[in-house]
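*Asks:* from the sequence below, what's the structure:
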Amino acid sequence: MKTNLKSTISSVLLVVLFIALGYGLKSAVVWHHNEQIKKSATAYVQAANAGDTNKAYTLLSLSAQSKQTKTQAADALYGLKSDKATLSNAKLYVGSDRAIYTVTVSNLPTKVNGRTTADLTLSLTPVRFGWKIDSLTVN
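*Replies:* Numbering: from 1, shown residues only. Okay, the predicted model is just below:
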């Protein structure tokens, strides 16, 4: 009887351990996945703030690059260049084949619309070994 009880307890503990490891591994994978998305989105916004249109352009998906030249991309980012830009209110929404990253950029020059803040919405698409910007909306 004691052997059966020990065996049952061992089996239950083993199952609980496997479930916990599986959940922990899944959580780690999701966390890493989300961090990759945030890293790509933040790198794009920081490149725009720095006026580094070459870097920003390389962070675009091939689809987005096919729709605009580097010059057009630079023109679209013109109002986001700032030495003192700060990012806040960042939010990430992840789907199976697309991610949306929203962020508020403050301390912008008043080049566009006379405002010093802008709300950005970036749509990202997965590519081999990472994520690329598919579109940008500035409000």
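
*Asks:* please make it C-alpha for all contacts and neighbour counts, starting now.
*Replies:* Will do.

*Asks:* which residue ranges form the helices in this protein?
*Replies:* Ranges of helices in the chain, per DSSP state H, are 2-50, 53-58, 62-67, 70-77.

*Asks:* quick check: which ranges of the protein have low pLDDT?
*Replies:* Along the chain, segments meeting pLDDT under 70 span 1-7, 9-32, 111-113.

*Asks:* burial measure for residue 121, as a count.
*Replies:* Using other Cα atoms under 10 Å, residue 121 is surrounded by 20 other residues.

*Asks:* actually residue 122, not the one I typed
*Replies:* Neighbours of residue 122 under the rule other Cα under 10 Å: 22.

*Asks:* and the closest residue to it other than its chain neighbours, how far is that from residue 70?
*Replies:* Excluding its sequence neighbours, the residue lying closest to residue 122 (Cα to Cα, 6 or more residues apart in numbering) is residue 136, at 4.6 Å. Counting by Cα to Cα, to the nearest Å, the separation of residue 136 from residue 70 is 15 Å.

*Asks:* neighbours around the residue nearest to residue 106 when sequence neighbours are not counted, how many?
*Replies:* Excluding the flanking residues, the one nearest residue 106 by Cα to Cα, 6+ apart is residue 117, at 4.4 Å. Burial of residue 117, expressed as a neighbour count using other Cα under 10 Å, amounts to 21.

*Asks:* how much space separates residue 84 from residue 37?
*Replies:* For residue 84, the distance to residue 37 - Cα to Cα - is 24 Å.

*Asks:* correct me, but residue 50 touches residue 83?
*Replies:* Yes - in this structure residue 50 lies within contact range of residue 83 using Cα atoms under 8 Å: 6.7 Å.

*Asks:* so those two - more neighbours on which side?
*Replies:* residue 50 (17 against 12).

*Asks:* and the more buried one, what is it in contact with?
*Replies:* The neighbours of residue 50, taking Cα atoms under 8 Å, 6 or more residues apart in numbering as the test, are 81, 82, 83.
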